[in-house]
Every structure is written in structure tokens, then in C-alpha cells.
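1. Sequence first, predicted model second:
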Amino acid sequence: MPDTPAAPVIVADRPGTFPYGVLAERHPAIVRQVAEGTPYGPDRRRALDALRTDCTEGVITPLPDDAHDHDRWAAWGMHAHAGRSWHDVPWLWSESWFYRQLLQATGYFEPGPWQGVDPFRPAKLAELDAPATDDELAALDALEDLPEDERARALLHGSLWGNRADLGFRMSAEGAEEQAAVPALVADDSDRLWSLLDGSPPGTLCLVADNAGRELVPDLLLIAHLLAHGRVARAQLHVKPHPYYVSDATTADVLDAVRRLTAAKGAAGAYGQGLRAALTDGRLELRAHPFSCAPLPYADMPDDLRADFAAATVTVLKGDLNYRRLVGDRHWPATTPFADVTACFPGPVAALRTLKSEVITGLDPRTETTLDADEGGRWRTGGTHALIQVRT
Ligand SMILES: O=P(O)(O)OC[C@H]1O[C@](O)(CO)[C@@H](O)[C@@H]1O
């Protein structure tokens, strides 16, 4: 990292702060939502109740030695954090640990009736099947009359603002969307992104997905468009190997989204057909690397994932959590250059994110001052503002 001194890592140890609230309020609410969403039996309910207490009052207790991913979590620092409060370890670590414990409580990994049952599926399907999705798919027909580059820009913004489809966030941010009269980009390097996607011969796009449903659909539309118009020859879509952060996308969610598109009329249906063809002939490849659910920044990624990103024309990281992992989840001054804090990423990288936590870099000082003056700190966490930041 150029001579930018590393800022402190975020820890959720101060009551009244956003990270603290996520552990103390959002997590127990998510446990309640999961228990209400699926008719688990008494034993699973007891495990969920125990987690609701443990994640607010407990300490980090290592996985059993025979857990399928014990060694992985040991390598990710589990024993180093053993016995400490969830509030005293890095926030990123604590959050990721919560979702691992939630799958433990629901029996997701264990042989038995609940193995492989996504505890968030009811919420994901309700969102994907919402009438609003029909409206968004129907709106695609109007894009067909636009020149290709304007259509590409519209789909890029669809993918960006799709990031508001974060069901975990929605639970505690009722009305956030309505508040934003004019959605504003606090940083916009999209021209740099297009220059990367104008190269010849066309290369490979890596898109690291975030939320399923109404975020994943516009991500897939963007990929379908870039493939169909020869802006990229191949695309790698990185999803999660198991449910994570409520609505993060898994392979099952990709299949649901492609099915939803393929079943639609008009342009949406054609996009669906194009995606099915790209998946079957290999131009669109799915990846579900275990590190995508790791409690660690991308700087610590393993070599095979690093090789994927190094070989890409550009890697697009979607969403707030991926942004935090890209910049190391630290209290950076907002004006810290984006290129400095992303120097460790192995290839050109673009962040498409709506702001839902305090971490931010690469801002123009006037932008920060104006936003603070107009909105206090709300612009950082309310999901009402977004950014497109690119390091070539
Ligand atoms: O779905 P996204 O965009 O990664 O947002 C994740 C949200 O969850 C958080 O981890 C807080 O729980 C924040 O990063 C953000 O508010």
C-alpha cells in the first residue's frame, strides 16, 4: 500500500455506533425473522433462541473439531478470538461468524431434514416474485430503442441501484428508499469502467455478486448485455457457496433469477434465453469460492481467487460488504485515495455500491463537507447514496 498509513480496523465495541447496533439489534432481529419464516421444530427453535442470546451477550466459542469447516475457520482466526466478546473482535469477523452460527442453529450443514435448506429463501422468493419485479422487467422493453451505449449505461445503473435490494438492511431501514428524492452518486468513475470494457479483443469480466433477487436480476442483465454486444468474451459470476448476510446470492438464487427472466415476456425473456445459452456454452461461468464467505478483507484472499481476478479485464465488486472487504474495513478518512487502499487488488477493480455503512474512501473533500452539512452522517449508512469507483 503506497505510504498511506493504515487506519484502525472497525470494531463494534462502542454503544450508539452503527456497527454496535448491527450486532446488538439487527442480528437478533434476523434470528427472529428466520424463526418466523420457516416452521423449524422445537430443537431448532431452542438453537435459534440460544444464538439470539449468544450473539448479544456471549463470547466467541470455536466450532466443534469435527465441523466440516473447522480448519478453515481456524485459519481465519477462530481460536485467536475464542473467549472474547463478539463486540471486541473485528466487526467484519463478528458479522461473518454470526451467519456461520445461524446456519449451525438451523442445521444447514448437518445431515438431516434441514441440511441445505436456505433459512432466507422465503424472504428471497417473496422479493423476487414481488410485483415490483414485474414492473422492472417490463421496463426493459423501453431500453430496446436506445443506442447500445445508452442501454449499457442504463443497465449499469440498474445493477448499481439494485444494491438497495439488501433484505438484511431493509429490515432496519424502513422508508430509506422513499427519502432519497434524487439518488446521488458521491463518486462516479463509470467512464473509466467503460474504457476497460471497450478493449479489443474483448476479455473476461469478473462480477462478484451481492444480493439475490432484485439486485441479482440487473447484474445478470448487465452481464447478458456485455456478452451479447461483444464488450466481454466471457464472464465469471462469483456467488456464495451457502446462504450469507440474509440475501447474498447463491447458485440456487442465480437459477431462480434466470428462471424468472426466461419466463418473462419481451426483452426480459430474451435476456433470460441469452443467459441460459451463456451458462450452458460456458461464456458465463459460476464461481462459489469459500473465501467469499470469509471474515477477512480481500487483501488476504487465497492464490486461486487472486489468479481469477488477476486474469480479468475488470472485477466488479457489488455492494457494501464487498466494499468494506476491498478497503480493509477500516476507519479511513473519506478523502483517502481509492487507488491507495485498493493497491493490493490483483487486477483492475470497480466498486458498485450503495452506502450502507460508514466505511468510505476516495471522496472529494467538498463532497464530504457538503454531504455532512446537508445530511449529517445519514448519507453514509442510509442506502440513499451510491458510488462507482474504479482503479485500473
Ligand atoms: O448487501 P450489502 O450491500 O453488502 O450491505 C450489507 C449491509 O450489512 C452490513 O454488513 C451491516 O450488517 C453493512 O455492510 C451493510 O449495511
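-> Happy to help now that I have it.

2. ok, E148 - contacts?
-> H229 (Cβ atoms under 8 Å, 6 or more residues apart in numbering). For the C-beta atoms, the positions are set from N, CA and C on the backbone; glycine is no exception.

3. please renumber so the chain begins at 568
-> Sounds good: first residue 568 from here, last item E715.

4. Give me the local confidence score for it.
-> Listed pLDDT for E715 reads 95.

5. Quick check: it vs G833, distance?
-> Distance, E715 to G833, using Cβ to Cβ, to the nearest Å: 18 Å.

6. Checking Q803 next. Helix, strand or coil?
-> Going by DSSP: H, G, I helix; E, B strand; the rest coil, the secondary structure assigned to Q803 is strand.

7. My understanding was that it contacts A776; is that so?
-> No - contact between Q803 and A776 fails when scored by Cβ atoms under 8 Å: they sit 10.6 Å apart.

8. More neighbours: which of these two?
-> A776 (29 against 19; other Cβ atoms under 10 Å).

9. ok so S762 is a strand residue?
-> No - using three-state DSSP, the secondary structure at S762 is helix, not a strand.

10. Give the closest residue to it in space, chain neighbours not counted.
-> T959 (8.0 Å; Cβ to Cβ, 6 or more residues apart in numbering).

11. Surely the one you found is in contact with R759?
-> Yes - using Cβ under 8 Å, T959 is in contact with R759, at 6.1 Å.

12. Same drill for these two, tell me which one is more crowded.
-> Shown here are T959 and R759; by other Cβ under 10 Å, R759 has more neighbours (16 against 13).

13. and A800, that one's in a helix?
-> No - with three-state DSSP as the criterion, A800 is strand rather than part of a helix.

14. ok, and the closest non-adjacent residue to it?
-> P769 (4.5 Å).

15. wait, does the host helix or strand of N889 make contact with the ligand?
-> Assigned by DSSP states H and E, N889 belongs to helix 886-894. Yes - contact between helix 886-894 and the ligand, assessed by Cβ under 6 Å from any ligand atom, occurs at G886, D887, L888, R891.

16. Next, count neighbours for L863.
-> 18.

17. Okay, and S924 sits in which element?
-> According to DSSP H and E, S924 maps onto no helix or strand at all.

18. Hmm, it is touching G950, no?
-> No - with contact defined as Cβ under 8 Å, S924 does not count as touching G950 (9.9 Å).

19. So if I had to pick from the two, which one is more boxed in?
-> Higher neighbour count among S924 and G950: G950, with 24 against 20, using other Cβ under 10 Å.

20. What distance do you get for that one to L922?
-> G950 is 7 Å from L922, by Cβ to Cβ.

21. related to what we said a few turns ago, can you go through the residues of helix 886-894 next to the ligand and name the buried ones?
-> Among the residues of helix 886-894 next to the ligand, those buried by neighbour count (16 or more other Cβ atoms under 10 Å) are G886, D887, L888, R891.

22. of all the residues you listed, which comes closest to L863?
-> Nearest to L863, judged by Cβ to Cβ, of these is R891 at 11.0 Å.

23. Look up the pLDDT of the residue nearest to the closest one when sequence neighbours are not counted for me, please.
-> Nearest residue to R891, sequence neighbours excluded (Cβ to Cβ, 6+ apart): V926, at 5.0 Å. Model confidence at V926, given as pLDDT, is 97.

24. Isn't V926 up against A901?
-> No - V926 is beyond contact range of A901, at 9.3 Å (criterion: Cβ under 8 Å).

25. higher neighbour count, the two?
-> Just comparing V926 and A901: by other Cβ under 10 Å the higher neighbour count belongs to V926, 29 against 19.

26. and that one, helix, strand or coil?
-> Per three-state DSSP, V926 ends up coil.

27. next one: A917
-> Relying on three-state DSSP, one would call A917 strand.

28. how much space between it and A693?
-> The value you get for A917 to A693, if Cβ to Cβ is used, is 30 Å.

29. Between these two, which is the more surrounded one?
-> Taking other Cβ under 10 Å, A917 and A693 do not tie; A917 has more neighbours (23 against 12).

30. need the contact list for the more buried one.
-> Neighbouring residues of A917 by Cβ under 8 Å, 6+ apart: D756, R759, L760, L763, V881, T882, V883, L884, I955, Q956, V957, R958.

31. Count the residues that sit near E662.
-> Based on other Cβ under 10 Å, the number of other residues close to E662 is 23.

32. If you drop the residues flanking it in sequence, what lies closest to R781?
-> A732 (3.9 Å).

33. likewise A672?
-> In space, A672 is closest to A614, 3.9 Å off (Cβ to Cβ, 6+ apart).

34. got the phi/psi numbers for that neighbour?
-> phi -60, psi -40 (degrees, to the nearest 10).

35. That one contacts L669, doesn't it?
-> No - assessed by Cβ under 8 Å, A614 is found out of contact with L669, at 9.6 Å.

36. Assumed H594 was part of a strand.
-> No - H594 is assigned helix when assessed by three-state DSSP, not a strand.

37. so who does it touch?
-> C622, T623, F665.

38. Quick one: name the residues of the chain near the ligand.
-> With the criterion set to Cβ under 6 Å from any ligand atom, the chain comes near the ligand through 589, 593, 662, 730, 733, 735-736, 777-778, 812, 886-888, 891, 923-924.

39. Give me the lowest-pLDDT entry from those.
-> Pick the lowest pLDDT in the residues of the chain next to the ligand and you get F736, at 63.

40. can you map out the helices along the stretch 718-867 of the chain?
-> 734-737, 743-746, 757-763, 783-795, 818-829, 833-848 (DSSP state H, counting those that start in this stretch).
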